[in-house]
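1. Fold the following and give me the result.
(2 chains)
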Amino acid sequence: MTNAKKRLHSLKQQIGESLCKDQWSFYRTFRSLESALKRNGDLEGLEQLESKVKLSIESAGARAARIPAVSFPDDLPVSALADDIEGLIAANQVVIISGETGSGKTTQIPKILMKLGRGSRGQIVHTQPRRIAARSVANRLAQETGTELGDIIGYQVRFNDRSSSENLIKVVTDGILIAETQTDRFLSAYDSIIIDEAHERNLNIDFLFGYLKSILPKRPELKIVITSATIDAEKFSKHFNDAPVIKVSGRLYPVDILYEDSLTKEGEQLPVEEYGLVTLALRRISEHRGSGDVLVFLPGEREIRQLDAVIRKDFLRGSVGKDWEILTLFSRLSVREQNKVFGSSHKRRIILSTNVAETSLTIPRIQFVIDSGEARLKRYSYRNKVEMLQVERISKAAADQRAGRAGRLMHGVCFRLYTLEDFQKRSEFTDPEILRSSLASVILRMQYLRLGDPQEFPFVDLPIPRAIVDGYQLLEELGAISGDKKLTKVGMELAKMPVDPRVGRMILAGRQFGCNREILILAAVMSLPDPRERDFSAQMQGVFERKDEHSDFLVFLRIWIWFQKLFDTTRSKSEIRRACEKHHLSFLRLFEWRDLHSHLSQVVRDMGFKVGEAPSGAASIHQALLTGLLGNIGYRQEERGTFRGTRDIKFQIHPGSSLYKNPGKWVVSFELVETTKLYARTVARIERDWIEPLASHLTRSTFSDPLWSREQGNVIAKEQVTLYGLIIVPARSVIYGKLNPREARQIFIQSALVRGDVRHCPPFMKHNLELIQVLENMESRSRRQDILVDESINYSFLEERVP
DNA sequence: GAGCACTGC
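-> Down below sits the predicted model:
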């Protein structure tokens, strides 16, 4: 036995050196062996485990042998600090690396980890916020390690998996890593995790931060490296129990910042007309020695269009303007138009852009930035449960990010169209997305993973209690949780679907209404950016702009059918591309639509429900949609174009909708967004009768005017049904006895029995009524009032006898 | 009469 004890002891150490993903099962087996050996000895089991552990250690060794020799390019700022970073990572579980653009941290840190022998017992996973970025980082890493992509470096993004368990490094989007938590609770496939661009603070990053903090104690051998912009580093360090921070300088050129007051020359007045400041800044730039292009940050498409017209009129026509041209850039612009900014031109360029150019796209040759100081930002109103998309003043961090875009090429200049005092008064950071979003899907995921109360979860920025309550309310609306906040069967199914819970609920309802086929198509397109493009010059006159429908959803079904037909009948990809362009449809998004559709179809089949072949009617499709959108219904008001929605909100149909001109009485919308007004976008007519059966868990009824009805021989009341305060049934007659038997009985006795207001008189009553008649006659003849008993005495008499 | 930017089992 002592021999067995020794073997156990050394086995325990060896388990610690095995592949991370094996350790959990090894430790479990080990513990049962340990107790078995105490009783009578299970030497066979011990041998088995020993050989399994040996194999696992061998494969870790084999992985280690595949780690390439790494070197760090001299010209990157991060290379000079490679040894320091290596030391910090070796000594700490979590390290924060702060650095500006151009420091080389994204590509060099994975190599530093490999140098430390990481990637052997598990993979190194490296997350990026965007799919394009994940792919390009993987490509660069493969290049720098002199390997083929897919060999030691792999990547995985939605719809595209070029990874395998053989990879030492796997580059993914942060969403993929979150998805993996559902099957790998402690992320045991990895021995190191790099969260890159953490300062972007998207919903995924914030969730991962909380999640990683909670699994740290259970994964003592796990290494986590977080990279971010300098200003956020301290906050992140605090979150991870004062993790060390190392600062790496960037490789940007200096950028001069000029404020509004420095635009005018001596004695000049600031222009008052809209966008006057921009044209003034453009004049200053044309006087400047520089020759680079100009990037103008504006809040949105509308402002871009307006400014485009102004610049053409006031600047391009002038003598200095003839050497310039204007380009526009926003996400919904066609790829062809977007790509113009990467092309070459013999003219200097003014690029009018939204926030796409702040993080997602890097535009070449920019030397000047003009910053309007504004951006459209999405917020969520917990009170009205609608989204808001309004122009806001950007934070200092965002303004600095914008300015930095001028210094990638050479010494740059940034004109801020506001004063220094204005800048100083601004908030330090943009509110992270988690404080601006509906939390329903975050809470659903937390419930599914049993992460406990969101209020206790280690978020970097804890959402306000109101936001958490709101998230639970939506989940309750969808039937995903029960009254005691436990996940229901519906909730479990929703958690498994890679879509918003509302959209998931529609898919489940599609089964119930037998219209899976259509709902899966719609669920996919509603989870992606609209495939319809907006071209700056072209008028939107495609076949899919016809506005004769009762439903915007059906327009999507028409596009789908068109695309499927095109896809089935057309061989060449370029021909498909041309057809898409002709109809102002995004080729790429249509393909993603197909991909997501087939993905969702698979998920649904795995859950065991059939996807129908035959087309379904509009009524069932819209009832299924409605099931997920119960809070988004509305009833047309007298006031033109206005709808009353749930929770006492008023909204209007978006002018881009098919229903804009002729909306009908009742509508449901996919989203309610407050811009200049509160608009319902993607709308359909519905029948009022559909609502109540789908919302039975949410409706409230009030009853009024209970009266005895002689015709119906029953006590009848008026019922009013409301859904979140919106009247969906104004006055319906109901049999009152079932709802309030006591009161109904009283009314019955008073009206029917005492007063005899009945159609068929039973004999006792006939007798009573005849007697009353006789007594009344006696009273009037004898001028006495006391022969006939009072009605109330009669009532009391009956009250005691009627069951 | 009109829409910031991303992402996923």
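
2. mind listing what's buried in stretch A:290-310?
-> Residues of stretch A:290-310 classed as buried: A:290, A:292-301, A:303-304, A:307-308, A:310 (neighbour count, 16 or more other CB atoms under 10 Å). For glycine as for every other residue, the C-beta is placed from the backbone atoms N, C-alpha and C.

3. again with stretch A:506-519
-> Of the residues in stretch A:506-519, those buried by neighbour count under the rule 16+ other CB under 10 Å are A:506-511, A:513-519.

4. what does stretch A:496-503 give?
-> Going by 16+ other CB under 10 Å, stretch A:496-503 has these buried residues: A:497, A:499-503.

5. Out of the residues you listed, just show me the ones up against DNA strand B, please.
-> A:497, A:499-500 (CB under 7 Å from any atom of the strand).

6. got the contact list for the residue lying closest to residue A:200 once chain neighbours are set aside?
-> Nearest non-adjacent residue to residue A:200, counting by CB to CB, 6 or more residues apart in numbering: residue A:129, 5.2 Å away. Going by CB atoms under 8 Å, 6 or more residues apart in numbering, residue A:129 touches A:173-174, A:196-197, A:200, A:202, A:204-205.

7. Would you mind measuring from residue A:129 to residue A:195?
-> The spacing between residue A:129 and residue A:195, counted by CB to CB, to the nearest Å, is 10 Å.

8. cool, residue A:68 as well?
-> As it turns out, when the distance is counted by CB to CB, residue A:68 lies 24 Å from residue A:195.

9. For the closest residue to residue A:735 other than its chain neighbours, the count of nearby residues, please.
-> Nearest non-adjacent residue to residue A:735, counting by CB to CB, 6+ apart: residue A:714, 5.3 Å away. As a burial measure, the neighbour count of residue A:714 was computed by other CB atoms under 10 Å and equals 17.

10. what does residue A:115 give?
-> In terms of burial, residue A:115 registers 20 neighbours under the definition other CB under 10 Å.

11. Now for the spatially most central residue of chain A: which residues touch it?
-> The centre of chain A sits closest to residue A:500, judged by CA atoms, centre = their mean, with a distance of 6.6 Å. Listed by CB under 8 Å, 6+ apart, the contact set of residue A:500 reads A:441, A:527.

12. Give me the pLDDT value at it.
-> According to the model's per-residue confidence, residue A:500 sits at a pLDDT of 95.

13. Surely residue A:669 is in a helix?
-> No - Residue A:669 sits outside any helix when classified using DSSP: H, G, I helix; E, B strand; the rest coil, being strand.

14. Pretty sure it sits against residue A:686.
-> No - shown here, residue A:669 and residue A:686 do not form a contact pair, counting by CB atoms under 8 Å, at 10.1 Å.

15. Low-confidence stretches in the stretch 51-200 of chain A?
-> For the stretch 51-200 of chain A, no stretch has pLDDT under 70.

16. Quick one: the strands in it, in order.
-> Under the criterion DSSP state E, counting those that start in this stretch, the stretch 51-200 of chain A carries strands at the ranges A:94-99, A:123-128, A:153-157, A:160-162, A:169-173, A:190-195.

17. Make a markdown table from these and add mean neighbour count and distance to residue A:742 to it.
-> Supplementary listing: these in a markdown table, determined by neighbours: other CB atoms under 10 Å; distance: least, CB to CB, whole Å:
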| stretch | mean neighbour count | distance to residue A:742 |
| --- | --- | --- |
| strand A:94-99 | 25 | 66 |
| strand A:123-128 | 26 | 64 |
| strand A:153-157 | 25 | 64 |
| strand A:160-162 | 14 | 66 |
| strand A:169-173 | 27 | 62 |
| strand A:190-195 | 25 | 63 |
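
18. so who does residue A:260 touch?
-> Shown in contact with residue A:260 (CB under 8 Å, 6+ apart): A:270, A:277, A:416-419, A:422.

19. In helices, which of those residues fall?
-> Where the contacts of residue A:260 overlap with helices, as defined by DSSP state H, the overlap consists of A:277, A:422.

20. Selecting buried members of the contacts of residue A:260 in PyMOL, what would you type?
-> Selecting just the buried residues from the contacts of residue A:260 in PyMOL takes one command, with 16+ other CB under 10 Å as the test:
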select buried, chain A and resi 277+416+417+418
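
21. Identify, from the contacts of residue A:260, the entry nearest to residue A:3.
-> Using CB to CB, residue A:416 is the member of the contacts of residue A:260 that lies nearest residue A:3, at 76.5 Å.

22. Just list whatever residues bridge to that closest one.
-> Following DSSP bridges, residue A:416 is listed with bridge partners residue A:259, residue A:371.

23. If we go by neighbour counts, what in stretch A:711-731 is buried?
-> In terms of neighbour count (16+ other CB under 10 Å), stretch A:711-731 has its buried residues at A:714-719, A:721-724, A:726, A:728-729.

24. distance between the ends of that stretch?
-> According to CA to CA, to the nearest Å, stretch A:711-731 extends 19 Å from its N-terminal end residue to its C-terminal end residue.

25. In CSV, list the C-alpha atoms belonging to stretch A:274-294.
-> The C-alpha atoms that make up stretch A:274-294 are tabulated as CSV, following Å, rounded to 0.1, in the frame of the first residue of the first chain:
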residue,chain,number,x,y,z
GLU,A,274,-24.6,75.1,-40.6
TYR,A,275,-21.4,73.3,-41.4
GLY,A,276,-19.7,76.7,-41.9
LEU,A,277,-17.0,75.6,-39.5
VAL,A,278,-16.2,72.6,-41.7
THR,A,279,-15.7,74.7,-44.8
LEU,A,280,-13.6,77.1,-42.8
ALA,A,281,-11.4,74.3,-41.5
LEU,A,282,-11.1,73.1,-45.1
ARG,A,283,-9.8,76.5,-46.2
ARG,A,284,-7.3,76.5,-43.4
ILE,A,285,-6.1,73.1,-44.5
SER,A,286,-5.7,74.2,-48.1
GLU,A,287,-3.5,77.0,-46.8
HIS,A,288,-1.4,74.6,-44.8
ARG,A,289,1.8,73.1,-46.2
GLY,A,290,0.5,69.5,-45.9
SER,A,291,-0.6,67.5,-48.8
GLY,A,292,-2.4,64.6,-47.2
ASP,A,293,-6.1,63.8,-47.3
VAL,A,294,-8.8,65.0,-44.9
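
26. now it, how far from the chain's geometric center?
-> Counting by CA atoms, centre = their mean, to the nearest Å, stretch A:274-294 is centred 38 Å from the centre of its parent chain.
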